[in-house]
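J.: just to be clear, the model below is a prediction. Sequence and coordinates:
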Amino acid sequence: MTMKLKRILTAALAAAVLTGSALAADDAIAIPLEDGAVTPAAADQSVYEINRRTDNDAIRVWGTVQELGEQSVYIENSSDGAPYQKIVVKISEDTAIVDAVTGAAKTFADLKEGETLYAYVSPAMTRSMPPQSVAELVICNIPADLGVPTYAQVEHVTEQEDGKIDLLVSGAMILHLDAETELLSYGSETAPTLADIKPGAMVLSWYQIVAMSYPGQAGPSRVVLFPYEYAGYLSAGEGSLSVNGKALDLDESVRPFAQDGKLMVPVRKLAEALGCTVTWDAQDPAAVAVTKDGESLYSLTIGGDTMVLEGDMAMSVSAPVTARNGVTFACVDDLLVAHNAKLESQSVFG
């Protein structure tokens, strides 16, 4: 199993359930939005839940560097509000290291004993004292008078008529970006554009002032965009499905529907919109295989309760795969994992 798939499965197991309540007033039924909020709807619509992967579950830690080890940093702080006052931050080949002043990429060799570091680490910790965890991001070279930039995941992008964009990011924050915002691409000398920012992207943002509203709002002076790790992003609801911001043309036979509290979506429509190929075996019509670039992505069986990822990893599904009018449907929760796709959210309550 690849490291990428391990990360997908770990995120899937840590999923946060987004669900609505039961009945609303006047016999209307509450339909959950993708963010877990609830809105009244007609009585012929159903209640369902979507298990949203907690992709951005990194823990922010900070402290003064006490010791530099072999690809590790031991930091301490005396803050009562810190999640960890002592921790060993492990640096892997995938760890991003960013200069707090310039936004430039740095290396482990640039870290120094005695300096203050901020890091975003995996919630998977060793039981040792102090605990150890692998960093996703390390922020170094932090002046005493500089506000530390904030690391977050983009949940939704709203394009404005004047060319500006608003980003809803994790942590209940809206970032207003325009032509004056300095954009940097981590690991690349080519600067990104506003159009390159999409749901699922990780961004590091520099801002000093936050509007006292909910959600909070800020206009960052600089944003670092990190390499995109998803195959795409989607939003889904009963009767509708959008992939990478484009609504799919769905006739009645292939529209998503709710079943036993889960949202079922058409496997072929979603897979092909994400650039995959769907095949089935004439000798076993219930078996469906999905490949991308000639490599096995996943396979499933109508009526089955498991999905096989990358040809050899079995995963229990959230709802049995089913067929309607010759069309195969699977739970959107499972397809988000199988396709490594981001579920787009349009509210701060996600």
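T.: Noted; the coordinates are in hand.

J.: doesn't Asp334 fall inside a helix?
T.: Yes: assessed with DSSP: H, G, I helix; E, B strand; the rest coil, Asp334 lies in a helix.

J.: didn't it look like it was pressed against Leu309?
T.: No: between Asp334 and Leu309 there is no contact under CB atoms under 8 Å: 9.9 Å. Any C-beta I mention is one placed from the backbone N, CA and C, and that applies to glycine too.

J.: what sits in contact with each of those two?
T.: Met315 (CB atoms under 8 Å, 6 or more residues apart in numbering).

J.: more crowded one of the two?
T.: With neighbours defined as other CB atoms under 10 Å, Asp334 and Leu309 compare such that Asp334 has more, 25 against 21.

J.: tell me, how many residues neighbour Gln259?
T.: Residues within reach of Gln259, counting by other CB under 10 Å, total 16.

J.: list phi and psi for it.
T.: Backbone torsions for Gln259, taken as degrees, to the nearest 10, come to phi -150, psi 120.

J.: what's the domain layout of this structure?
T.: 3-54+231-343, 59-140, 150-225 (automatic domain parsing).

J.: export these as TSV, with columns for mean pLDDT.
T.: Shown next, in TSV, are the domains of the chain (pLDDT from 0 to 100):
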stretch	mean pLDDT
domain 3-54+231-343	79
domain 59-140	97
domain 150-225	95
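
J.: is Ala195 in a helix, a strand, or coil?
T.: For Ala195, the secondary-structure state derived from three-state DSSP is helix.

J.: distance of it from Ile174?
T.: Ala195 sits 19 Å away from Ile174, going by CB to CB, to the nearest Å.

J.: next one: Asn325
T.: In this structure, Asn325 and Ile174 are 42 Å apart, going by CB to CB.

J.: so which of those two has more stuff around it?
T.: Taking other CB under 10 Å, Asn325 and Ile174 do not tie; Ile174 has more neighbours (19 against 7).

J.: just grab the bridge partners of His156 for me.
T.: Leu168 (DSSP bridges).

J.: list the contacts of it.
T.: Going by CB under 8 Å, 6+ apart, His156 touches Leu167, Leu168, Pro199, Glu344, Ser345, Gln346.

J.: between these, which is nearest Trp206?
T.: The nearest member of the contacts of His156 to Trp206, counting by CB to CB, is Leu167 at 13.8 Å.

J.: bridged to Tyr298, which residues?
T.: Note on Tyr298: beta-bridge partners Val290, Leu309, judged by DSSP bridges.

J.: residue contacts, it?
T.: Each residue near Tyr298 by CB under 8 Å, 6+ apart is listed here: Ala289, Val290, Met307, Val308, Leu309, Glu310, Ala338.

J.: tell me the spatial nearest neighbour of the first one, not counting adjacent residues.
T.: Using CB to CB, 6 or more residues apart in numbering and skipping the chain neighbours, the partner closest in space to Ala289 is Ser299 (4.5 Å).

J.: pull the CA atoms of stretch 48-67 into PDB?
T.: Output of stretch 48-67 as PDB, limited to C-alpha atoms (Å, rounded to 0.1, in the frame of the first residue of the first chain):
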ATOM      1  CA  TYR A  48     -28.800  11.800   5.100                       C
ATOM      2  CA  GLU A  49     -25.300  12.300   6.500                       C
ATOM      3  CA  ILE A  50     -21.900  12.600   4.900                       C
ATOM      4  CA  ASN A  51     -18.800  11.500   6.700                       C
ATOM      5  CA  ARG A  52     -16.400  14.300   5.900                       C
ATOM      6  CA  ARG A  53     -12.800  13.500   6.000                       C
ATOM      7  CA  THR A  54     -10.800  15.500   8.500                       C
ATOM      8  CA  ASP A  55      -8.000  16.200   6.200                       C
ATOM      9  CA  ASN A  56      -6.800  19.300   8.000                       C
ATOM     10  CA  ASP A  57      -6.300  17.700  11.400                       C
ATOM     11  CA  ALA A  58      -2.700  18.900  12.100                       C
ATOM     12  CA  ILE A  59      -2.000  20.200  15.600                       C
ATOM     13  CA  ARG A  60      -0.200  23.600  15.900                       C
ATOM     14  CA  VAL A  61       2.700  23.400  18.400                       C
ATOM     15  CA  TRP A  62       5.400  26.000  19.200                       C
ATOM     16  CA  GLY A  63       8.400  26.600  21.300                       C
ATOM     17  CA  THR A  64      12.000  27.400  21.600                       C
ATOM     18  CA  VAL A  65      14.400  25.000  20.000                       C
ATOM     19  CA  GLN A  66      16.300  23.200  22.800                       C
ATOM     20  CA  GLU A  67      18.100  20.600  20.700                       C
END
